[in-house]
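[1] with the input below, show me the fold.
(2 chains)
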Number of protein chains: 2
Amino acid sequence: MTGEGHIIQTYFAPLAAGFPGALGLRDDAAAIMPPSGYDVVVTVDAVAAGVHFFADDDAADVGWKALAVNVSDLIAKGAAPHAYVMSVAFPALPDADWLGAFARGLGEAQAAFGLSLIGGDTDRRPGPLSVTITAFGLVPSGRMVRRATARAGDHIFVSGTLGDSALGLALRAGSASYAVSAVHRAALIGRYLRPAPPLAIVPALRDFASASMDISDGLIKDLTRMCDASGVGARVDLTALPLSDSARAVVASQADALGIVATGGDDYQVLACVPPDAVAGFKAGAQAAGIMVSEIGEIVASAEVVVTGENGEPMDLVATGYDHF
Amino acid sequence: MTGEGHIIQTYFAPLAAGFPGALGLRDDAAAIMPPSGYDVVVTVDAVAAGVHFFADDDAADVGWKALAVNVSDLIAKGAAPHAYVMSVAFPALPDADWLGAFARGLGEAQAAFGLSLIGGDTDRRPGPLSVTITAFGLVPSGRMVRRATARAGDHIFVSGTLGDSALGLALRAGSASYAVSAVHRAALIGRYLRPAPPLAIVPALRDFASASMDISDGLIKDLTRMCDASGVGARVDLTALPLSDSARAVVASQADALGIVATGGDDYQVLACVPPDAVAGFKAGAQAAGIMVSEIGEIVASAEVVVTGENGEPMDLVATGYDHF
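    Have a look, this model is predicted:
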C-alpha cells in the first residue's frame, strides 16, 4: 500500500466503519442514501494551523475542532449531523503519534455529534497544515432553518454562553493576562480548543425558530449578517449576554472584556430568532433538551443593529468580528 | 459588505444562481433535495498551485481543472453531476482579474458537466493557492458503480485517449522537449490544463460495467488499486492503449514515452471493467453517447497486474504513478 493509502486505511478508515456508503474509504466516492422526504444540508469549513488553531495544539483538539466547527453550521440549520468528508493538506509527512491523536479527536467528535467520516483526500504541500471538512446533515424536506428569514418583532436567543472561546484564545495566545484563577483559565482555553455546539437544540430550532445561524465570527458581526440577509435590524442588550462563571470572572476584573464577548468569535453557539407566539415553545423545547438559551434582544424593522449597555444607552461597540480579507 | 462577503457575492454567487437550495450563497449551508429513489454520491479533491497546477496557469484553467477532477470521480461512479461546494485558500488578496477568470473557468466547467456551485468558504493563509471541491452526483439508489467489484474474465476498457495530459505536463514543465509540431504541443498542454472527463458515458457505465474508477494517478497504478480492492489481477496490452494523434507523434519520436502514457496520470478518463456478456451493450452504449472506448486487457484471477508489449512478453514497466507521500 502506498503512503497515502496507508494513512487512510490505518488512521481514517476506522472512522468510517459504521457507514455502509463509505465503502471503507476504499472507493473513489461515497454514497449518502437520504431517507425519503429528507433534504441533505451541506456546509464546508476549513481550519488551518496559525489561523484557526495553533500548530502545537494537541492533534486530538485539532481533529475535534475541525469537525465541530462544521457540525455547528448543521445544528444551526436544524439538521441532524449525518456524515462528512475531509481533505487534509500536510506540509510534511505527519508522524504516527500526530495522526493517531488527530483521528482520536475526530472520533470523539463523531461520537458526540453522531456522524461518520465517509471519504477524503490527503495531500502533501507547502503551507500550514489544513483540514477542510464538508459536512452533511439531514432535515425533513424544506425544513432547513434559514438565515434570511428573521422578522421584526422576533425575539433573539443565543444558546450556551458567549465569549469563553475568544477569551480562551487571548489567554492561549498570550495576548491577554486576565486576573483569573487557573481553573477559569483552563476552562476558557478548553472552550477555545474544543467548541461544543448544542446538538440537542435541533428539534426546538426546527419547530420554533424563524431564522438561525451559528455564531462563529462574533455575535455582533453574525447578527448583523443575519439582519442584512433578512432586511431587518436588531436591538441587543449587552447586559443580557450569557456568561460562564469563568467569563464573568474575567469581566469582573476587566470590564472592557465584555466587548470581546460580543465580538470575539469562535463561540459555535446558535443565534436564533423566534416569533413572539413561539417563544414559550422554544424555551420549553430547549429546556427539555438540556440546552440553556438566553434572550438577548429583539429584531426591529429599521436596518440597524443597536447594542445597549447597563444604562440602556446605545453603545459605541465596534461591530467587528473575524474576516479573512 | 466585508471582503470575504464581497468576493463571494461578486464572483461566486452568479455560479449558484440556478440552484434554489444554494440560497444565493447567502446562508450558512445549502440544501440538496435528492429526488426520491436516488443516492447522493460524494467525492472530494483538492488542487494546489505548484502541485496540481502551475501558479501562473490561466485562472480560468485552474477553475476548470479544480471542478473537472471532481466531476471525473462522479462520472466514473455512474453518477450524474449535480452540485458542488468549494473551499479556496488564498495566500494573498486575489486581484479582480484573477477572480473573474477563475469564476469564468468554473462556469465553463459547470456548463459542460451540468452542475452548480451551492456553497463555499474562502480563507487567506500562507502556502500555495488551493481549491478544495466536494462534488455531488445523483444515482438511482444502490446503483453507484464501485471500484471493488471487478471479476476475473471482465474485459477492461478505458475511455478517450491516454497520456495526453502527462505528456502535456512534461512539455508545460519544460522537463521534456518532444520533437512534435506546435499543434501537437498545444493539444497536449491543453489536455493537461483542461481535462475533459467523459460525461456522456454515465448511462453505459451504470448499465453494463461491473466496476469502474477514474484514471487520475496513472493507468497502471489506478488499475492496480482496482485489482487490489477487488482481489483480482489484470493483463494489459500496452499496444492497445488509445493514443491521440498528438501522443502518437510523441511516441513515434521517442518510444519510451509509452511508459509515460501508461503511468503518467492526470488522464481523468474512465477505467471500466465489463463482464463478457455485457461487452456488446457497453460498446454500443458508449458509441451511441459519442464516447470512444477501447479494450485494453482483461481481469484475471491471479492477484497481479501484468503489462505486455509488442511481442506479447511481460514488460518491466514500473507500476508507478502519482502518490503524495
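
[2] just want the residue of chain A that's nearest chain B.
    A:G127 (1.6 Å; CB to the nearest CB). Where you see a C-beta, it was placed from the backbone N, CA and C, and this is true even at glycine.

[3] which positions in the stretch 51-200 of chain A make contact with chain B?
    A:51, A:73-74, A:76-77, A:79, A:83, A:85-87, A:89, A:91, A:93, A:118-128, A:130, A:132, A:134, A:136-137, A:139, A:141-142, A:144, A:146-148 (CB under 8 Å from any CB of the partner chain).

[4] are any of those buried, and which?
    A:51, A:73-74, A:76-77, A:79, A:83, A:85-87, A:89, A:118-125, A:127-128, A:130, A:132, A:134, A:136-137, A:139, A:144, A:146-148 (16 or more other CB atoms under 10 Å in any protein chain shown).

[5] in helices, which of the residues you listed appear?
    Residues of those located in helices (DSSP state H): A:73-74, A:76.

[6] flag the shaky bits of the stretch 201-325 of chain A, pLDDT-wise.
    A:317-325 (pLDDT under 70).

[7] what about the strands in it?
    A:211-215, A:233-237, A:269-274, A:293-300, A:305-308 (DSSP state E, counting those that start in this stretch).

[8] for the second one, packing partners?
    With contacts defined as 3 or more CB pairs under 8 Å, 6 or more residues apart in numbering or on different chains; DSSP states H and E, the secondary structure elements packing on strand A:233-237 are helix A:219-230, strand A:293-300, strand A:305-308.

[9] for the residue of chain A closest to chain B, list the residues it contacts.
    A:48, A:89, A:91, B:89, B:91, B:125-128, B:130 (CB atoms under 8 Å, 6 or more residues apart in numbering or on different chains).

[10] quick one: distance of stretch A:255-264 to the chain centre.
    18 Å (CA atoms, centre = their mean, to the nearest Å).

[11] same check, this time on stretch A:226-242
    On CA atoms, centre = their mean, the centre of stretch A:226-242 falls 18 Å from that of its chain.

[12] buried residues, that stretch. List them.
    A:226-230, A:232-238, A:241-242.

[13] just the closest of those residues to A:G105, please.
    A:P242 (26.8 Å; CB to CB).

[14] check contacts around the closest one.
    A:158, A:160-162, A:292, A:294, A:296.

[15] would you list those in CSV and tack on neighbour count?
    Formatted as CSV, the contacts of A:P242 follow (neighbours: other CB atoms under 10 Å in any protein chain shown):
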residue, neighbour count
A:V158, 25
A:G160, 22
A:T161, 21
A:L162, 28
A:M292, 14
A:S294, 18
A:I296, 24
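
[16] take the contacts of A:G127 and keep only those in strands.
    A:48, A:89, B:89, B:130 (DSSP state E).

[17] which residues are in contact with the closest residue to the last one other than its chain neighbours?
    Translated: B:S130. Of all residues not flanking B:S130 in the chain, B:A48 sits nearest, at 4.0 Å (CB to CB, 6 or more residues apart in numbering or on different chains). Residues near B:A48 by CB under 8 Å, 6+ apart: A:89, A:123, A:125, B:127-131.

[18] with A:F136 instead?
    A:F136 sits in contact with A:32, A:40-42, A:74, A:81-84, A:115, B:42, where contact means CB under 8 Å, 6+ apart.

[19] just the buried ones from the residues you listed, in ChimeraX syntax?
    Command for ChimeraX, covering only those of these found buried under the criterion 16+ other CB under 10 Å:
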select /A:32,40,41,42,74,81,82,83,84,115 /B:42
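
[20] make JSON lines out of the contacts of A:F136 and add distance to A:L193 and pLDDT.
    Putting the contacts of A:F136 into JSON lines (distance: CB to CB, whole Å; pLDDT from 0 to 100) gives the following:
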{"residue": "A:I32", "distance to A:L193": "30", "pLDDT": "98"}
{"residue": "A:V40", "distance to A:L193": "30", "pLDDT": "98"}
{"residue": "A:V41", "distance to A:L193": "26", "pLDDT": "98"}
{"residue": "A:V42", "distance to A:L193": "26", "pLDDT": "98"}
{"residue": "A:L74", "distance to A:L193": "21", "pLDDT": "98"}
{"residue": "A:P81", "distance to A:L193": "20", "pLDDT": "98"}
{"residue": "A:H82", "distance to A:L193": "25", "pLDDT": "98"}
{"residue": "A:A83", "distance to A:L193": "24", "pLDDT": "98"}
{"residue": "A:Y84", "distance to A:L193": "20", "pLDDT": "98"}
{"residue": "A:L115", "distance to A:L193": "20", "pLDDT": "98"}
{"residue": "B:V42", "distance to A:L193": "29", "pLDDT": "98"}
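
[21] tell me the one among the contacts of A:F136 nearest to B:L99.
    A:V42 (22.9 Å).

[22] for that closest one, which non-adjacent residue is closest in space?
    B:A30 (5.0 Å).

[23] count of neighbours near that neighbour?
    28 (other CB atoms under 10 Å in any protein chain shown).

[24] can I assume it is in contact with A:V44?
    No. If you go by CB atoms under 8 Å, B:A30 and A:V44 don't touch, sitting 9.3 Å apart.

[25] next, show the common contact partners of those two.
    By CB under 8 Å, 6+ apart, the residues touching both B:A30 and A:V44 are B:85, B:119.

[26] tell me how far A:T43 lies from B:F90.
    Distance from A:T43 to B:F90, counting by CB to CB, to the nearest Å: 20 Å.
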